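Participant: Quick one: sequence plus predicted model below, questions after.
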There are 2 protein chains.
Amino acid sequence: MSTRYLLLAEGFSGDPHYGKTMRGVLRYRRDDVAAILDSTRAGEIEEGVAVVGSVEDALPLEPTTALVGVATQGGRFPPEWIDLLRSCVEHGLDVENGLHVFLADDPELRALAEERGVELRDLRRPPAGISTATGENLSVDATIVLTVGSDCAIGKMTVSLELDLEARRRGLRSVFVPTGQTGIAIAGWGIAVDAVVSDFVAGAAERLVVEGRDRGGELLWVEGQGSLLHPVYSGVTLGLYHGSVPHLLVLCHEAGRTEIEGAGGGPHPIPPLGELVELHERLSLPVRPAKVAAVALNTRWLDEDAARAAVAAAEEETGLPADDPVRFGAARLVDAVVAAAS
Amino acid sequence: MSTRYLLLAEGFSGDPHYGKTMRGVLRYRRDDVAAILDSTRAGEIEEGVAVVGSVEDALPLEPTTALVGVATQGGRFPPEWIDLLRSCVEHGLDVENGLHVFLADDPELRALAEERGVELRDLRRPPAGISTATGENLSVDATIVLTVGSDCAIGKMTVSLELDLEARRRGLRSVFVPTGQTGIAIAGWGIAVDAVVSDFVAGAAERLVVEGRDRGGELLWVEGQGSLLHPVYSGVTLGLYHGSVPHLLVLCHEAGRTEIEGAGGGPHPIPPLGELVELHERLSLPVRPAKVAAVALNTRWLDEDAARAAVAAAEEETGLPADDPVRFGAARLVDAVVAAAS
């Protein structure tokens, strides 16, 4: 039986930031979604999918798998969720979880899952044998493109997915390389690099580009994480950058955002785009100099005229091709990457 | 009974790189060292301490605690070590271990330790409750000084320790903040930031500067890790940098080293010192701009004239005070930091 998701987004389904995993799966695996669970919005419709108030109410829609659809800071579980997860297991659903706290480490939930014959899949659990990077990444015979950005949660994963889709439409041997829980839920493979021991971040990234090539990719779109000047997550960002040894970068930014959001102790201003381009290029390894090929702009808060103006301004500021691949299509950005790669 | 170490350095005691933990403890806790175990050099004397060939041979010197003195890449255990560790436990020694593999996770060794009533202390095991950085680091009322460097294993910890010693000699309320297994073995507290989940590196660093202040430090010397352009460990470096929110940096470099050592896929050239100064300053958070206050040069491979020339050249190149604090004393570097802090 193929997977049909019940997206668990209790209290978060309307929040564009914290419902990140839910939104990613809704956008890229829509056909596999049976329902969204959020008792605060039961009876509503979200992007064409029914919102239900309880696991029982979802059962007529025949879900097979509950997916934890929120990504809270630090990836901890809100305590009230435990009851909800027990309810899923009791009703025979497998559970996929992308938080840092692993469901399979909860003895009661694990016992219950064994009793009911369902699986608890922790998407962020690192695979066995992850260690330090070896240099094998530099031998991967593919063009590697990493999305980087001015902040978290501005669309780096979405940009990688859209550019991969467009490249495949063109017949290129293109593979999306998932590095976070949502990407893993969408693509069905990958490693959450933010959950490995920090000494091994580059090693995990190395393993991912090797696997992307083994999956037939000659053009690898590596999902970026965090931001180089993010006070909380920059370590993940740089380890992923150096471990995935990209040839090219796509710089992602949300039009109008001037500060990093959700980090304490701020304000944490975002530098101008031109500075970000230069900073990222300077931080590439001497053995694998990387160039920013294009700017991907997230214009979701702007009307169409303002969006086009923001794209033009980004081009003017950086001298690079820019576009919003979700709003205006990915062609222009893929053109830019293909041109820069050749 | 106070701790008396048997330093386990089988096959590594003569290697200046991989015997890093051993050398650190020998230098800074020398009075607490009973013997070094290395059967390939039994009967020799290393820095005034007897090298023995077996645990039995060490017993007359009355060690209380065996310390794993090697730090292999990736922190794994050479398999032949398990027998040695069993022998330590069988002879009633506690064991301290700084590798990524935890001794207490080995059921057989743990059972044996319980039977013998000895402790297995894994120095790299993260404390409970580590999570993402909150911004509390920015409220720490102390001058925070982080050592950064052009490579691993060039003396960042040693520089932090020497500058802390000199500052305390001057009567300053100075605290060394340990971020790695050797620093923890020396100082008796700290967190190995390279062993926490990568999302939490900055959070661990934040907790360390908060604790350093709670320990009475008005001047905190944070032990640096890795290097910003290190292909394997840069993620740890940047997470520690942003999480410890230093006001000042001391840039550490080994005179004459032109390439990062021990990383695959190279050569990985080290940029000129002047570029490193600028790169580090640019990567500080806008909310806490950091300046490089001085350059600490490791001149161990040079004769004295060449060492003085190398120090002068570093000053010329960077326009900053430079010195080798191990060879020539830490006064000049502490002067530079104190001047930059005021």
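Facilitator: Now that the structure is in, tell me what you want to look at. Residues are numbered from 1 along each chain as shown, chains lettered A, B, ... in the order given.
Participant: Enumerate every residue touching residue A:257.
Facilitator: A:150, A:151, A:154, A:270 (CB atoms under 8 Å, 6 or more residues apart in numbering or on different chains). For glycine as for every other residue, the C-beta is placed from the backbone atoms N, C-alpha and C.
Participant: Please disregard the earlier target; I meant residue A:40.
Facilitator: Going by CB under 8 Å, 6+ apart, residue A:40 touches A:10, A:11, A:13.
Participant: If we use 10 Å, what do you get?
Facilitator: By CB atoms under 10 Å, 6 or more residues apart in numbering or on different chains, the contact set of residue A:40 is A:9, A:10, A:11, A:12, A:13, A:14, A:51, A:53.
Participant: Same check on residue A:301?
Facilitator: The neighbours of residue A:301, taking CB under 10 Å, 6+ apart as the test, are A:16, A:254, A:255, A:256, A:257, A:307, A:310.
Participant: can you rerun that using 8 Å?
Facilitator: Residue A:301 is in contact with A:254, A:255, A:256, counting by CB under 8 Å, 6+ apart.
Participant: Phi and psi next, for the first one.
Facilitator: Backbone torsions of residue A:254, given as degrees, to the nearest 10, read phi -100, psi 120.
Participant: so it touches residue A:154, yeah?
Facilitator: Yes. Counting by CB atoms under 8 Å, residue A:154 is a contact partner of residue A:254 at 4.2 Å.
Participant: So which of the contacts of residue A:257 reach chain B?
Facilitator: Among those, no residue sits close to chain B (CB under 8 Å from any CB of the partner chain).
Participant: tell me which of these is nearest to residue B:133?
Facilitator: Closest approach to residue B:133 among these (CB to CB): residue A:151, at 15.2 Å.
Participant: how close does that closest one get to residue A:276?
Facilitator: Distance from residue A:151 to residue A:276, counting by CB to CB, to the nearest Å: 11 Å.
Participant: Common neighbours of the two, please.
Facilitator: Common neighbours of residue A:151 and residue A:276 (criterion: CB under 8 Å, 6+ apart): A:253, A:270.
Participant: picking that back up, could you identify the buried members of the contacts of residue A:301?
Facilitator: Buried by 16 or more other CB atoms under 10 Å in any protein chain shown: A:254, A:255, out of the contacts of residue A:301.
Participant: Tabulate the contacts of residue A:301 (a markdown table), appending pLDDT and distance to residue B:164.
Facilitator: Below are those laid out as a markdown table (pLDDT from 0 to 100; distance: CB to CB, whole Å):
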| residue | pLDDT | distance to residue B:164 |
| --- | --- | --- |
| A:254 | 98 | 43 |
| A:255 | 98 | 47 |
| A:256 | 96 | 45 |
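Participant: Please list which of the contacts of residue A:301 are also close to chain B.
Facilitator: Within those, nothing lies near chain B by CB under 8 Å from any CB.
Participant: Phi first, then psi, for the residue of the stretch 51-200 of chain A found nearest chain B.
Facilitator: Nearest residue of the stretch 51-200 of chain A to chain B (CB to the nearest CB) works out as residue A:135 at 2.4 Å. When quoted as degrees, to the nearest 10, the phi and psi of residue A:135 stand at phi 100, psi -10.
Participant: how close does it get to residue B:243?
Facilitator: Distance check for residue A:135 against residue B:243: by CB to CB, it reads 28 Å.
Participant: Looking at the two, which one has more neighbours?
Facilitator: More crowded of residue A:135 and residue B:243, by other CB atoms under 10 Å in any protein chain shown: residue B:243, with 29 against 16.
Participant: isn't that one right next to residue B:203, touching?
Facilitator: Yes. Assessed by CB under 8 Å, residue B:243 is found in contact with residue B:203 at 6.5 Å.
Participant: any common contacting residues for these two?
Facilitator: Listed contacts common to residue B:243 and residue B:203 are residue B:133; contacts here mean CB under 8 Å, 6+ apart.
Participant: How is chain A divided into domains?
Facilitator: The record's domain parsing of chain A by automatic domain parsing lists A:5-122, A:136-341.
Participant: what residue ranges in the stretch 51-200 of chain A score low on pLDDT?
Facilitator: Filtered on pLDDT under 70, the stretch 51-200 of chain A yields the residue ranges A:71-76.
Participant: Actually, the stretch 201-342 of chain A.
Facilitator: In the prediction, the stretch 201-342 of chain A carries no residues with pLDDT under 70.
Participant: near chain B, which residues of it?
Facilitator: By CB under 8 Å from any CB, the residues of the stretch 201-342 of chain A that approach chain B are A:201-203, A:228-243, A:245, A:263-269, A:271, A:279, A:282-283, A:285-287.
Participant: was I right about residue A:277 contacting residue A:318?
Facilitator: Yes. Counting by CB under 8 Å, residue A:277 sits close enough to residue A:318 to count as a contact (5.4 Å).
Participant: what is in contact with the two at once?
Facilitator: Common neighbours of residue A:277 and residue A:318 (CB under 8 Å, 6+ apart) are A:251, A:292, A:295.
Participant: List the pairing partners of the helix or strand containing the first one within its sheet, with orientation.
Facilitator: What it means is residue A:251. Residue A:251 belongs to strand A:248-254 when assigned by DSSP states H and E. Paired neighbours of strand A:248-254 in the sheet (DSSP bridges): strand A:143-149 (parallel), strand A:291-298 (parallel).
Participant: ok, the closest residue to residue A:304 other than its chain neighbours - contacts?
Facilitator: Distance criterion CB to CB, 6 or more residues apart in numbering or on different chains; nearest residue to residue A:304, sequence neighbours excluded, is residue A:327 at 7.9 Å. Contacts for residue A:327 were tallied using CB under 8 Å, 6+ apart; they are A:299, A:300, A:304, A:307.
Participant: Which two of those residues have the greatest separation?
Facilitator: Maximum pairwise distance in the contacts of residue A:327, criterion CB to CB, is 11.6 Å, between A:300 and A:304.
Participant: Counting neighbours, go ahead and name the busier of those two.
Facilitator: Neighbours per residue, other CB under 10 Å: of residue A:300 and residue A:304, the larger number sits with residue A:300, 15 against 10.
Participant: Would you check how far apart the more buried one and residue A:154 are?
Facilitator: Taking CB to CB, one finds residue A:300 at 10 Å from residue A:154.
Participant: does residue A:135 really touch residue B:264, like I thought?
Facilitator: Yes. Residue A:135 lies in contact with residue B:264 (CB under 8 Å); the separation is 2.4 Å.
Participant: what do these two both touch?
Facilitator: Residues touching both residue A:135 and residue B:264 (CB under 8 Å, 6+ apart): residue B:231.
Participant: so residue A:213, which of the three states?
Facilitator: Following DSSP: H, G, I helix; E, B strand; the rest coil, we place residue A:213 in the helix state.
Participant: same deal with the one 3 residues further on?
Facilitator: When the structure is reduced to helix, strand and coil (three-state DSSP), residue A:216 reads as coil.
Participant: Next, the contact list for the closest residue to residue A:187 other than its chain neighbours, please.
Facilitator: Counting by CB to CB, 6+ apart, residue A:178 is the residue found nearest to residue A:187 once chain neighbours are left out, at 4.6 Å. Residues counted as contacts of residue A:178 (CB under 8 Å, 6+ apart) are A:184, A:186, A:187, A:189, A:190, A:191, A:208, A:223.
Participant: Run a quick neighbour tally on the last one.
Facilitator: The number of residues packed near residue A:223 is 28, by other CB under 10 Å.
Participant: Let me see the contact set for it.
Facilitator: Applying CB under 8 Å, 6+ apart to residue A:223 gives the contacts A:147, A:156, A:157, A:160, A:161, A:176, A:177, A:178, A:179, A:180, A:183, A:190.
Participant: From those residues, which land in strands?
Facilitator: When DSSP state E is applied, those are split such that A:147, A:176, A:177 fall in strands.
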